[in-house]
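Could you look at this predicted model? Sequence included:
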Amino acid sequence: MPFEILCDNCGNSLYSGIDLKYASNILKLYNGRCKRCGEFLSYRDFVLEIEPLEK
């Protein structure tokens, strides 16, 4: 099952893959900012959303 971390400001995908990763580890890769819009991101602001896969 795919796992994705998105920027809430612009919707850019910060991570996409099958391995579950902590949001804080992904944010460290980008110095806590979205790589597209530059918005400061905090791991405390992340929300878990589960969506069914479309067939």
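Cool, got the structure.

Residue 25 belongs to a helix, doesn't it?
Yes: assigned with DSSP: H, G, I helix; E, B strand; the rest coil, residue 25 falls within a helix.

mind showing which ranges of the protein have poor pLDDT?
Applying pLDDT under 70 to the chain flags residues 1, 55.

So which residues of it form strands?
Assigned by DSSP state E, the strands in the chain fall at 3-6, 13-17.

pretty sure residue 36 is touching residue 14, no?
No: counting by C-beta atoms under 8 Å, residue 36 sits too far from residue 14 to count as a contact (9.0 Å). All C-beta atoms are positioned from the backbone trio N, CA, C, and that covers glycine.

Is it correct that residue 32 is in contact with residue 38?
No: the pair residue 32 / residue 38 is not scored as a contact, 10.6 Å apart, by C-beta under 8 Å.

that older thread, of the strands of the chain, which is nearest residue 52?
strand 3-6 (14.0 Å; C-beta to C-beta).

ok, residues contacting that closest one?
The contact list for strand 3-6 (C-beta atoms under 8 Å, 6 or more residues apart in numbering) reads 12-21, 23, 26, 46.

got these as CSV, with neighbour count and distance to residue 2 columns?
Converted to CSV, the contacts of strand 3-6 look like this (neighbours: other C-beta atoms under 10 Å; distance: C-beta to C-beta, whole Å):
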residue, neighbour count, distance to residue 2
12, 14, 16
13, 11, 11
14, 18, 14
15, 16, 10
16, 10, 7
17, 10, 7
18, 7, 6
19, 7, 10
20, 7, 10
21, 12, 12
23, 17, 16
26, 15, 15
46, 16, 17
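
Which single one of the residues you listed is nearest to residue 54?
For these, the nearest to residue 54 is residue 16 (16.1 Å; C-beta to C-beta).

Where do the helices of this structure begin and end?
Taking DSSP state H to define them, one finds helices in the chain at 23-29.

Neighbours of residue 6, how many?
Number of residues near residue 6 (other C-beta atoms under 10 Å) recorded here: 15.

Then residue 27?
Applying other C-beta under 10 Å, we find 20 residues neighbouring residue 27.
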